[in-house]
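Chemist: pasting the structure only:
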């Protein structure tokens with residue numbers, strides 16, 4: 001019997017370690033981050049784990065080796081995760097008069113501190129919003145700016161904090177807003193705002209969320225020594241624990257609302273996380289219903305980070321979902337969805 005080469009043995013050892021890490025990442029979305037905060041970081045790497053497992057599967061398959069079964073089983077078990085990672089294009093559903101559209105966008109304070117070498121970011125973002133012309137617009141990291149033109153929305157809810165430099169969130173709507181509110185997160189500058197919006201006979205509650213940031217640099221060329229790496233992992237772990245608490249506050253709040261609900265915004269976490277599962281619950285992820293490709297919503301070089309979401313209840317059909325990664329006016333990309341209300345769950349509170 002021919003002895004296996006050293007390279008093949010090392011490769012299969014790496015394959016086994018990868019399989020173990022992937023299984024851990026599969027389990028972690030069902031475990032609260034405060035139980036294993038350090039391990040929870042693995043959920044951010046799950047897309048990479050899946051790609052590497054696929055590579056190992058192909059390598060062993062081409063060599064006709066039974067070793068391919070290890071990564072094959074890993075991929076088979078995680079088949080439900082693959083739909084969260086990548087989606088092939090479906091036929092677009094036909095637009096109808098009763099449809100309405102929603103856009104969510106973290107605008108990064110309209111480049112107030114000049115992270116981008118572009119003086120026209122506020123007006124350029126205004127042009128993007130005008131081109132998409134959404135019926136409902138949710139903006140995270142919003143700040144007042146005289147160059148921002150949002151005149152098509154007669155109704156709005158803006159929540160700002162800070163004395164000199166005001167920032168926060170905003171919901172703009174072409175439909176009447178009859179009630180608004182916010183969810184304040186303890187020990188955090190992040191929050192959630194909501195608006196009850198009347199569309200014809202129905203009232204819809206729209207939540208705009210901005211969860212705790214993990215504050216990872218988008219510059220992959222930044223030098224990372226051992227101490228800095230440990231600091232980053234610790235910071236991510238702490239952020240995940242905060243996000244867990246924030247997700248529970250959101251879930252408790254929307255559970256008491258009888259209106260059909262839409263939750264959108266910047267979750268600052270992946271679709272493989274406990275936080276994602278907790279907030280989404282039984283709702284539909286609009287990307288999984290009508291998106292395309294990786295759906296990356298955060299401008300992180302060479303890694304398709306999807307951290308901005310639109311979740312809808314069963315009262316809505318998702319007809320279209322777009323993540324516009326050509327719009328590079330923030331560290332996030334805008335997400336846009338076309339929806340149709342399919343049943344009257346709650347009536348207009350203004351009607352007798």
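Modeler: Alright, I've got the coordinates. It should be emphasised that the depicted structure is a prediction, and the values quoted were computed from it without experimental measurement. Residues are numbered from 1 along each chain as shown.

Chemist: let me see the ranges of the helices in the stretch 151-300 of the chain.
Modeler: Listed in chain order, the helices found in the stretch 151-300 of the chain under DSSP state H, counting those that start in this stretch are 226-255, 274-280, 286-290.

Chemist: for those, which one sits closest to residue 147?
Modeler: For the helices of the stretch 151-300 of the chain, the distance to residue 147 is smallest for helix 286-290, at 30.0 Å, taking CB to CB. Yep, even glycine has a C-beta here, placed from its N, CA and C like the rest.

Chemist: show me what the closest one is packed against.
Modeler: Counting contacts by 3 or more CB pairs under 8 Å, 6 or more residues apart in numbering; DSSP states H and E, the secondary-structure elements packed against helix 286-290 are strand 308-312, strand 316-323, strand 335-341.

Chemist: re the thing from before, now the helices of the stretch 151-300 of the chain in a markdown table, with distance to residue 302?
Modeler: Converted to a markdown table, those look like this (distance: least, CB to CB, whole Å):
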| stretch | distance to residue 302 |
| --- | --- |
| helix 226-255 | 17 |
| helix 274-280 | 22 |
| helix 286-290 | 20 |
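
Chemist: where among those helices is the average confidence lowest?
Modeler: When mean pLDDT is averaged over each of those, helix 226-255 scores lowest at a mean of 85.

Chemist: buried residues, that one. List them.
Modeler: 232, 236-237, 239-247, 249-250, 253-254 (16 or more other CB atoms under 10 Å).

Chemist: returning to what we had before: deepest-packed of the helices and strands packed on helix 286-290, please.
Modeler: Comparing the helices and strands packed on helix 286-290 by mean neighbour count (mean count of other CB atoms under 10 Å), strand 308-312 comes out on top with a mean of 25.

Chemist: what strands line up against that one, and which way round?
Modeler: Sheet pairing here is set by DSSP bridges, and for strand 308-312 it gives strand 261-266 (antiparallel), strand 284-285 (antiparallel).

Chemist: and the longest one with helix 226-255, angle?
Modeler: Calculated by axes from the mean of the first three to the mean of the last three CA atoms, to 10 degrees, strand 261-266 forms an angle of 160 degrees with helix 226-255.

Chemist: tell me what angle strand 261-266 forms with strand 316-323.
Modeler: Inter-element angle recorded for strand 261-266 and strand 316-323: 10 degrees (by the same axes, to 10 degrees).

Chemist: so what touches strand 261-266?
Modeler: Counting contacts by CB atoms under 8 Å, 6 or more residues apart in numbering, the residues outside strand 261-266 that touch it are 102, 104, 106, 138, 140-141, 169, 192, 204-211, 250, 254, 279, 283, 307-313, 316, 332, 335, 339.

Chemist: pLDDT averaged over that strand - what is it?
Modeler: Confidence for strand 261-266, expressed as mean pLDDT, is 98.
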